[in-house]
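A.B. asks: only geometry, no sequence info:
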């Protein structure tokens, strides 16, 4: 009697749990033609574009919001919310807004929303630096916005195309207050439905979108941190598009008839920074020696399974302003030893390399440790937590550290200024504490000049000097990728890493 | 973890086992008859020998941590019995060296827990009253935090290295030992030989060390054996989520974690360290169960 | 008993976290905030007060459900943790139900056929079950069912299919423990005089087991199940990591990596509180099973 | 139908353990007439309880095993019945009262349920009817019927044994086996319980086997007495015969070991030595190592049953005339 009842209760409970979860599956898990499931490696931090500058958030925000102008997959600037613009003088830009654009809450886009959004952005600690050059935003009537920069700032359009410069609805933000990130309202092709923390974000087609409406009704971003699990999800069909396939799994996707692997060079670079203020890295010969001592090809092979290209300098050919004539450092341990001897370290030295818990970086550190041992440099690896990592590298406590940089705007200014200008020492980006007056001058020139040739020339020269001074070990440009079901059409990778999904549909 | 409940219950019965030397001989005789326990013991001896002579079997610098990327992700072969990992390192060598860490953490963590927990339990049981109440309520609170979470919290706070790992796992298993020792102290406290010792003027300290501790030994040995197993599991778990020993030192949990990326292409990287854990834990559990039966024959009727 | 335990738990966890290196003010403001601004925030946050004051303030806020804000997402920590809780509860419950549904019947069958082949096989499997690290089992299950066979999803919480592997991963160890416990408890009960009494009454063997032995045998098993829930919650941390399960465990692991102390703190406290509540429920169930205890409460 | 309700022939029961084979019962013979009360006496470990359990076929298996012999109950050999047939006898025609009332009752069932269970099984009554009958049984053993909903822990030891008796008598069995029913009770309670059992036995006209090592209880209760030693009945007699004229040296020793108020004994003469190790019984007469009359032959020859007079049997070489022992004769 008793046990029957207990088991009855237990089995009812079991069935209940099962059905509950089963119900859950029908709304999201189904591979119905109208739902597109995208898997990425982390949960968006915030759907308030001004409160986050992480890739997972940008990837979602890109679908919810629009910016004034937009960079295409080929890094060309195109109209978006602004249908046209003109440069009034060296520091003044005038944007004409598209009329009749609707927000998801039914409000119409007005110039005041643009001003509100950009002002809000300028006050946000996370993203203010992206519009650091902007002095003020003015409006003229409902459809004209005037942006003034503090000084001539050539790459302004590229910066305004950043997802952090998304235009929000003033009313929606004010009404939601602190809770805005749970009720984001934009003008984009998809409107927000729900965000299950740590799990998924669900979006729905916005039928009043000003452009061509989205191909799918529902768009789900799933958070699957483990790379292998994303690939498996693709294989089992629960995922339609998986971003960032693990290098080791690339062949699995390539070889599968039902899947397509899309690869594209990205705007992201990986490097090992030296602390140029600290001995022995204050000696350029040591820095060059280590550049020669590192076998980048081995790193690309081991860590990326070949899915990357060796860096010849700080930025690659996807970035406007890239210097094609640079060839970078060759792997040459003998030369490295010579240089070390020249610098007074014939027997090498002891030092440390820092990394955060990112497995790719940890693996790089392990390889570097082994490779430098060959030239007599004894490296200990210190895994430092991300917060402390940024904090302490900014404070200059480190010897060497591994980091990456994404030139989101596709312009050399974004890729070089923060990393190598002496005004940016520390947390602003220049964690190598590299200082070179000539480079400073060239970078300033590139930033303020509105003559394209002059800019290109300045950047070419700057890259030459930077490579020669070697404040970093230039590692590689990672190829970005996505695994896609073969019945998906209209998907393209964006070099900045956040891909547009409005045109993606099922065949 | 696995058998703590039964052990606690049996504490009373077992306390009598530790009285005479010859009784240990009896325990050994009974243990020898238990085939499963002997298998466990033999495996443990092999594992300990492997750990002790790890450098003689495969040099730490030259084999266990030396990268050989040309030979990476190879499956098991004659040269690399268990294959190689993503840096071309021999997995067998790494497992052996990882075993050193696991066994060391296991033993030291249990040592810490026995020492602190045992002392607290002995004090609580011996003095009783408010002291007892205070100590045991504190232990209850510790028990309310699932032990792996407590260990995680401690390692997070102190930073991940070998010493902190041992400390965290040790601290998080204190309450179990406190309870056991207290229980066995309570059972012997009022027995006649304690009274007799008191009557001839033995100090509390002497009574505790000479009379009470030997009697609490049997249950502590059983719990300790099983506790080493739990500690090894916790170590692997903490390493798995990145709270282990620094690289490039091999540790089973972190080897597993590193292998996850290669689960598809080279599953042996994940499979073998896991098997090493299973074998070790299995051996300790067999031995622990066998010891319990041997120390308490009444249970096995 | 629940309240003092919870207060004690918060005290322990808070003390541990208090001595974590790293300045919360710096983490919040970012790496290169000016010194005076950092100092101002330290003052505002009360970071310069003595430990006990800070703890009491923390406790006061915690009782109101205010555990501060996450360093990394800036959202209220309580909401963060709480929003992840249903997933963890679902997984742990599924794991526990699985463990109970397997462990108790198998334990009973094994006990009633002591020394049979079935019993031996069960015992070997149960021993393996308790010896297996669950995260490894999870990976092996993924390897078999997701990678090799492509049958089941390996990650996320997307319906029943995605619950199967994590629940098995989490439930196996507990199932093994429950099996062992049920078996030994059953063996003990079967030897009792009252079972002989029942048999002497002419009660059929099946009824002897189901009606007379089971309820008695379950009493200690229920305690074990309660204690195992803590193990389940701890195990959930690892299982959730393996299966990308959006629960408190994974939140905690992510927070550890990001050094998001308030989230780690709140997660540990939260899980401990849940564990304590579960044990309270177990005590009540215990009384339901054992009339000797019930009458004490009357 | 025969006069004998129970006849046990050459019963052999062994417990097979890792340590060796325990020869608990070795060729036991015994008969019991309807309505009669037989006292089964002997030291602990003599095989009394095993014999009783064998009758119900409840010897725990493993390790226990009935090796050979016959147990005829009402003319049927119980050892040949199917398990199901056996179940319909247990608690119905034969029931048993166990030694320790503290542990004989299921702690998680109400006493009412425990009494009603047997009734429900054997008498085909509905649960309610069975419960009503259980209430009557409770009253019969002197417990208010309202207490049927209470659990065993709410009763005292004597009360519990009354409940056990109620369970045993619920189906009006023709044979009741009581295994030291009063040993675990206080002396005053013992008397009450014995009194109750005697009355009920008479009322229901039940045959009874009373297992005890207390000769006083035997004297008060029994018609016949069987003395067991090392798994055998070594002396069987009526109460008067045995008490007035014990024959076996062991029986005599047993009397010697009870302090007597009636006879002035200068000092107690406990039987020297201990019960033999049941895994390694002595050859010949199992009692010989302790027997003051033992001679070499006793080590070799196993005594057979000797009829002293009508209904008085003994197993001893003395009465086979093989050896002499003047004091005994």
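C.D. replies: Right, received. Where do you want to start? Being a predicted model, the structure only gives us computed values, none of them experimental.

A.B. asks: list the residues that contact residue B:195.
C.D. replies: For residue B:195, the contact set (C-beta atoms under 8 Å, 6 or more residues apart in numbering or on different chains) is empty. (Glycine included, C-beta is placed from N, CA and C.)

A.B. asks: residue 235 - how many residues pack around it?
C.D. replies: Picked chain A for this. 23 (other C-beta atoms under 10 Å in any protein chain shown).

A.B. asks: nope, chain D
C.D. replies: Considering only other C-beta under 10 Å, residue D:235 is surrounded by 30 other residues.

A.B. asks: let's verify it: helix, strand, or coil?
C.D. replies: Taking DSSP: H, G, I helix; E, B strand; the rest coil as the rule, one finds residue D:235 in the strand state.

A.B. asks: ok, and what's touching stretch A:330-348?
C.D. replies: Contacts for stretch A:330-348 (C-beta under 8 Å, 6+ apart): A:280, A:283, A:285-286, A:288-290, A:292-297, A:372, A:374-378.

A.B. asks: just the residues you listed: which are in helices?
C.D. replies: Among the contacts of stretch A:330-348, the subset assigned to helices under DSSP state H consists of A:285, A:286, A:288, A:289, A:290, A:292, A:293, A:296, A:297, A:372, A:374.

A.B. asks: skip the chain neighbours and tell me the closest residue to the residue nearest to the spatial centre of chain B.
C.D. replies: In chain B, the C-alpha nearest the mean C-alpha coordinate belongs to residue B:228, at 0.8 Å (C-alpha atoms, centre = their mean). Nearest residue to residue B:228, sequence neighbours excluded (C-beta to C-beta, 6 or more residues apart in numbering or on different chains): residue B:106, at 4.0 Å.

A.B. asks: could you do residue D:105 as well?
C.D. replies: residue D:152 is the one closest to residue D:105 (C-beta to C-beta, 6+ apart), at 3.9 Å.

A.B. asks: the one you found: what's it in contact with?
C.D. replies: D:105, D:106, D:107, D:111, D:160, D:163.

A.B. asks: check whether the residue nearest to the spatial centre of chain D sits in a helix, strand or coil.
C.D. replies: Centroid check for chain D by C-alpha atoms, centre = their mean gives residue D:211 as the closest residue, at 3.0 Å. What three-state DSSP gives for residue D:211 is strand.

A.B. asks: distance check, it against residue D:58.
C.D. replies: 14 Å (C-beta to C-beta, to the nearest Å).

A.B. asks: again with residue D:106
C.D. replies: 16 Å.

A.B. asks: between those two, who's got more neighbours?
C.D. replies: residue D:106 (25 against 16).

A.B. asks: returning to that earlier point: among the ones in helices among the contacts of stretch A:330-348, name the buried ones.
C.D. replies: A:285, A:286, A:288, A:289, A:290, A:292, A:293, A:296, A:372 (16 or more other C-beta atoms under 10 Å in any protein chain shown).

A.B. asks: contacts only, for the first one.
C.D. replies: In this case it means residue A:285. A:339, A:340, A:342, A:343.

A.B. asks: how many residues are close by the nearest residue to residue B:281 once chain neighbours are set aside?
C.D. replies: The shortest distance from residue B:281 to any non-neighbouring residue, by C-beta to C-beta, 6+ apart, is to residue C:131 (3.9 Å). Neighbour count for residue C:131, taken as other C-beta under 10 Å: 22.

A.B. asks: try residue D:278
C.D. replies: 21.

A.B. asks: so it, which state does it fall into?
C.D. replies: Applying three-state DSSP: residue D:278 is coil.

A.B. asks: so it touches residue D:19, yeah?
C.D. replies: No - contact criterion C-beta atoms under 8 Å: residue D:278 and residue D:19 do not qualify, at 10.6 Å.

A.B. asks: picking that back up, distance check, the residue nearest to the centre of chain D against residue D:239.
C.D. replies: Counting by C-beta to C-beta, the gap from residue D:211 to residue D:239 is 16 Å.

A.B. asks: residue C:187 now?
C.D. replies: Taken as C-beta to C-beta, the span from residue C:187 to residue D:239 is 42 Å.

A.B. asks: and for residue A:187?
C.D. replies: 109 Å.

A.B. asks: equivalent analysis for residue D:10, please.
C.D. replies: 25 Å.

A.B. asks: for the nearest residue to residue A:205 once chain neighbours are set aside, grab phi and psi.
C.D. replies: Spatial nearest neighbour of residue A:205, excluding adjacent residues (C-beta to C-beta, 6+ apart): residue A:214 at 4.5 Å. For residue A:214, the backbone dihedrals (degrees, to the nearest 10) come out as phi -60, psi 150.

A.B. asks: ditto for residue A:78
C.D. replies: According to degrees, to the nearest 10, residue A:78 has phi -130, psi 160.

A.B. asks: and stretch A:335-352, what's buried?
C.D. replies: In stretch A:335-352, counting by 16+ other C-beta under 10 Å, buried: A:335, A:336, A:337, A:339, A:340, A:343, A:345, A:348, A:349, A:351.

A.B. asks: and stretch C:188-203, anywhere near chain D?
C.D. replies: Yes - judged by C-beta under 8 Å from any C-beta of the partner chain, stretch C:188-203 and chain D are in contact via C:191, C:192, C:193, C:194, C:196, C:197, C:198, C:199, C:200, C:201, C:202, C:203.

A.B. asks: now, those that are in helices?
C.D. replies: Those of the residues of stretch C:188-203 next to chain D lying in helices (DSSP H): C:193, C:194, C:196, C:197, C:198, C:199, C:200.

A.B. asks: who wins on neighbours among those residues?
C.D. replies: residue C:198 (29 neighbours).

A.B. asks: now do that one against chain B, distance only.
C.D. replies: Residue C:198 sits 21 Å away from chain B, going by C-beta to the nearest C-beta, to the nearest Å.

A.B. asks: again, but for residue A:433
C.D. replies: 26 Å.

A.B. asks: so that residue: helix, strand or coil?
C.D. replies: Per three-state DSSP, residue A:433 ends up coil.

A.B. asks: quick one: pLDDT of it?
C.D. replies: Note for residue A:433: predicted pLDDT of 94.

A.B. asks: just give the nearest non-adjacent residue to it, would you?
C.D. replies: residue A:277 (4.6 Å).

A.B. asks: count of residues packed around that neighbour?
C.D. replies: 13.

A.B. asks: assumed residue A:419 was part of a helix.
C.D. replies: Yes - the assignment for residue A:419 by three-state DSSP puts it in a helix.

A.B. asks: is it in contact with residue A:428, as I believe?
C.D. replies: No - between residue A:419 and residue A:428 there is no contact under C-beta under 8 Å: 9.4 Å.

A.B. asks: I'd assumed residue D:313 was in a strand, is it?
C.D. replies: Yes - using three-state DSSP, the secondary structure at residue D:313 is a strand.

A.B. asks: so who does residue 33 touch?
C.D. replies: By default, I'm working from chain A. Contacts of residue A:33 by C-beta under 8 Å, 6+ apart are A:216, A:506.

A.B. asks: actually, chain D is the one I wanted.
C.D. replies: Here residue D:33 is in contact with D:3, D:4, D:5, D:207 (C-beta under 8 Å, 6+ apart).

A.B. asks: which residues does the last one bridge with?
C.D. replies: Read that as residue D:207. On the basis of DSSP bridges, residue D:207 is bridged to residue D:175.

A.B. asks: could you check the pLDDT of it?
C.D. replies: 88.
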